[in-house]
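Participant: requesting a structural model of the entry that follows:
(chains A and B)
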Amino acid sequence: MNMSERINGLKRKLGFRTFTFAGGIHPDDSKETTCSKSIIDLPPSEEMVFPLSQHIGAPAVPCVAVGDRVFMGQKIAEAGGYVSAHIHSSVSGEVVAIEPRMHHTGVKMNSIVIKNDGADELLPEIQPKDWRKMSVKEIVDVVREAGVVGMGGATFPTHVKLSPPPDKKIEYVIVNGAECEPYLTSDHRAMLETPEEVIEGLKILVKVFGLQEGYIAIETNKPDAIAVMEEYAAKETEIKINVVRVKTKYPQGSEKHLIKAVCGREVPPGKLPMDVGAVVDNIDTCAAIARAFMYGFPVIMRIVTVSGDCVAEPSNFRIRVGTNVEDAIKKCGGFQKPAAKVIMGGPMMGISVPDTDIPIVKGSSGILGFSEAMLHGKVKQNCLRCGKCVEGCPMNLLPNVIKEALAADDTEKLEKLNVTDCIQCGSCAYVCPAEQNPLQSVRTARAKLMKQKQEVKK
Amino acid sequence: MSNLNVNEKLIVTESPHVRGRSTTSSVMFDVVVALIPALLAGTIFFGYRALVVTAVCVLFSVLSEWCWCRILKKPSTIGDFSAVVTGLLLAMNLPVTMPLWMAAIGSVFAIIIVKQFFGGIGHNFMNPALAARAFLLTSWAAAMTTWTEPFTKLSFWSNVDAVTTATPLSLVKEGATGNMPSYINMFIGNMAGCIGEVSALAILIGAMYLVYRHIISLRIPLTYIATVAVFTFIFGGRNGFFTGDPLLHVLSGGLMLGAFFMATDYVTTPYTKKGQIIFGFGCGLITAVIRLYGGYPEGVSYSILLMNVATPLIDRFTAPKRFGAVKEKKEKEANC
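Facilitator: Numbering: from 1, shown residues only, chains lettered A, B, ... in the order given. All right, here's what the predicted structure looks like:
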């Protein structure tokens, strides 16, 4: 046990109620527009698009052909390797094309296009499964078959996370309910409206790792979610569920920083959470795991927050994967002022898209429409050396020094500044009064070092 | 294509897509606001001439910044309010009897020599206002150490032969502790001294505003003041160790103003947390040494300037611990 872990334990004994990490920032959370709005089911589009790469790892390989009729829930693409995930149709209908289509990253990506027949005819094989009677291997197989990936946005295939090498003993299973990105309230609503799915998912995870207890970490700005989860935790008889209050601070929901807050352990540079005995899964991922057993459903839908100042009626939706983003925006009353920027995900780490004619994928946690007024009009000025970026950096980097070293083309210095540790949370860029955008320098520095390494290898 | 109400071309940038509200101008403006109580206190105790000196300093600071940008054909930077802050801070550090032309020269020195010669805002290695004060003190020592009692009537053009008096710290230096103002007078600022430094109360109000607005952290000011208090208590007494008067040292001279407004200047102080503590301690130590053993009665300006120079070195050796690095080290030790 290291020092900070002991301190964490002591704090818990002394009755401290909230836990966190050092650094971080306090952006305006702007969640009030959607945090009290119930999740609405959004009807799927007429034409559904399923990009073959909705996850980290190898793209999936289509296992249907143009002209095939598919059921809702039917597998349409096979995982392209171990670190990859299956893709399932979220509607019943006909495969009309397998061709490159626009994707939220701004490039065209090979996608399966299905014409929705509106019948929602479910694949007959879809049946609830009892995980209590299954072995760990069988459970992981079900999760893999369901195509579950990290639905907080990272989209790392979950079955890989659930199969750590035998020498890595997992001691902490943490459900990530921090939801520290401003605007997003999808996890918050899921905890309020489908708590049984979250709890069931956690119980399955706890069984997979052979543990007796699990953790749900929630930021203190969601007291209603904390209350609901505590209520369920108190009722729970099979395992012990610890609801951990974590400080409302960005990026509290970062995997490494959530582990730091809950366990007091720090994931070493270049290592994975499993190296410190922890596994973190997002709320929606946990619910997806639960649905794979409770109803036998693969990942064919997810919860998405549609918000931003342009959106007439910001809402939370349960959206089928493959649905056109424009349909979701229209359901919210469309854009009431011209949108200058549309973001998939949160405003801190999301991706701004060049086109709204794109599908919802497994990792889409939010759609934000920002008008001109929301774009910051900050002008770049000299660095004040105020140190706000240093104070805010959750990875304890020196963003200002990295920027200087990059500007001076001092590669030797850059190598010592741990640029690869950066989690691209954007805290430094957010707080900088002089609009220096240190994150952009860190990205450039990182690319530069990588390129150099490759050249050395040659 | 889409029939949504979107601009013809959506803007695509890398994340993050939002920014905090704080800008260089907003930060500097907050400092200006925070200095208003100290300026008001100075005006109440020393009369309207305090305002005149301040106006001259601010005017010449801003003018010299504007001229510099004009001559170098650079976009004007007076909009960031940093020149206003420099002028204000310099005025706070001057006695109310200061001849106006000297105040003007000090302002020009602060902006042109200390700030712009090194590349403008963000690049100066010393606090411009303090460097200008040091320059004025060495150039016109008499004018810089001519003190008047509060509520003395002064003429508009400097009145150096007005009834002069001594600051509490020079009384200490001379050993004439009999005429010392009471602590309460020292706290509210009813004593001789520079325009902005006398009223601890006013400075604290301003400092609270800066802390509330997250402009400054208390790491440097508190370490600084605590260090001065401890050292003057231990070594400052006439009857041996631990008989000093820390309260006198904290409330008199430029310590409060220096600790909250000058030692927290972003540009010239460390950006690491550890570094800030070291900076505060160093300032405190040097201040106490100058006050107790040095030739000058006051050492706040010099201590901060000296530590300003040490700042790059402090930053270099106090980089925060790499996230997750503790374990790595232990593993290495275990492997050895």
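Participant: A:S92: neighbour count?
Facilitator: Using other CB atoms under 10 Å in any protein chain shown, A:S92 has 20 other residues around it. Using the backbone N, CA and C atoms, a C-beta is placed for each residue, glycine as well.
Participant: contacting residues around it?
Facilitator: Contact analysis of A:S92 by CB atoms under 8 Å, 6 or more residues apart in numbering or on different chains lists A:R69, A:V70, A:F71, A:M72, A:N116, A:D117, A:A119, A:D120, A:E121, A:L122.
Participant: phi, psi of the nearest residue to B:V198 once chain neighbours are set aside?
Facilitator: Distance criterion CB to CB, 6 or more residues apart in numbering or on different chains; nearest residue to B:V198, sequence neighbours excluded, is B:G189 at 3.8 Å. Backbone geometry at B:G189, expressed as degrees, to the nearest 10, gives phi 110, psi 10.
Participant: on the three-state scheme, A:N110 is what?
Facilitator: strand (DSSP: H, G, I helix; E, B strand; the rest coil).
Participant: can you give me the strands in chain B?
Facilitator: Here chain B has its strands, by DSSP state E, at B:147-148, B:164-165.
Participant: mean neighbour count, those: which tops it?
Facilitator: With neighbours defined by mean count of other CB atoms under 10 Å in any protein chain shown, none of the strands of chain B is more surrounded on average than strand B:147-148, at a mean of 22.
Participant: partners of it, with directions?
Facilitator: Strand pairing for strand B:147-148, using DSSP bridges, gives strand B:164-165 (antiparallel).
Participant: report the distance from the strand it pairs with to the chain centre.
Facilitator: Its chain's average C-alpha position is 25 Å from that of strand B:164-165, according to CA atoms, centre = their mean, to the nearest Å.
Participant: then stretch A:197-216?
Facilitator: 19 Å.
Participant: export it to PDB, keeping only CA atoms.
Facilitator: Extracted C-alpha coordinates of stretch A:197-216, given in PDB (Å, rounded to 0.1, in the frame of the first residue of the first chain):
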ATOM      1  CA  GLU A 197     -29.400  -1.900 -15.100                       C
ATOM      2  CA  VAL A 198     -26.500  -0.100 -13.600                       C
ATOM      3  CA  ILE A 199     -26.500  -2.200 -10.400                       C
ATOM      4  CA  GLU A 200     -27.000  -5.400 -12.400                       C
ATOM      5  CA  GLY A 201     -24.100  -4.500 -14.600                       C
ATOM      6  CA  LEU A 202     -21.900  -3.800 -11.600                       C
ATOM      7  CA  LYS A 203     -22.900  -7.100 -10.100                       C
ATOM      8  CA  ILE A 204     -21.800  -8.900 -13.200                       C
ATOM      9  CA  LEU A 205     -18.500  -7.100 -13.300                       C
ATOM     10  CA  VAL A 206     -17.900  -7.900  -9.600                       C
ATOM     11  CA  LYS A 207     -18.600 -11.600 -10.400                       C
ATOM     12  CA  VAL A 208     -16.200 -11.600 -13.400                       C
ATOM     13  CA  PHE A 209     -13.300 -10.400 -11.200                       C
ATOM     14  CA  GLY A 210     -14.300 -12.800  -8.300                       C
ATOM     15  CA  LEU A 211     -14.800  -9.900  -5.800                       C
ATOM     16  CA  GLN A 212     -17.400  -9.200  -3.100                       C
ATOM     17  CA  GLU A 213     -17.700  -5.500  -3.500                       C
ATOM     18  CA  GLY A 214     -17.900  -2.800  -6.200                       C
ATOM     19  CA  TYR A 215     -17.700   1.000  -6.300                       C
ATOM     20  CA  ILE A 216     -19.900   3.600  -8.000                       C
END
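Participant: quick one: name the residues of the stretch 101-250 of chain B near chain A.
Facilitator: B:G119, B:G120, B:I121, B:G122, B:H123 (CB under 8 Å from any CB of the partner chain).
Participant: and the last one, how far from A:N382?
Facilitator: Right, B:H123. Noted for B:H123: a distance of 7 Å to A:N382, by CB to CB, to the nearest Å.
Participant: give me the more crowded residue out of these two.
Facilitator: The neighbour count for B:H123 versus A:N382, taken as other CB under 10 Å, is higher for A:N382 (17 against 14).
Participant: ok, the more buried one touching B:F118?
Facilitator: No: using CB atoms under 8 Å, A:N382 is not in contact with B:F118; the gap is 11.1 Å.
Participant: closest to B:Y271 among the residues of the stretch 101-250 of chain B next to chain A?
Facilitator: The nearest member of those to B:Y271, counting by CB to CB, is B:G122 at 11.9 Å.
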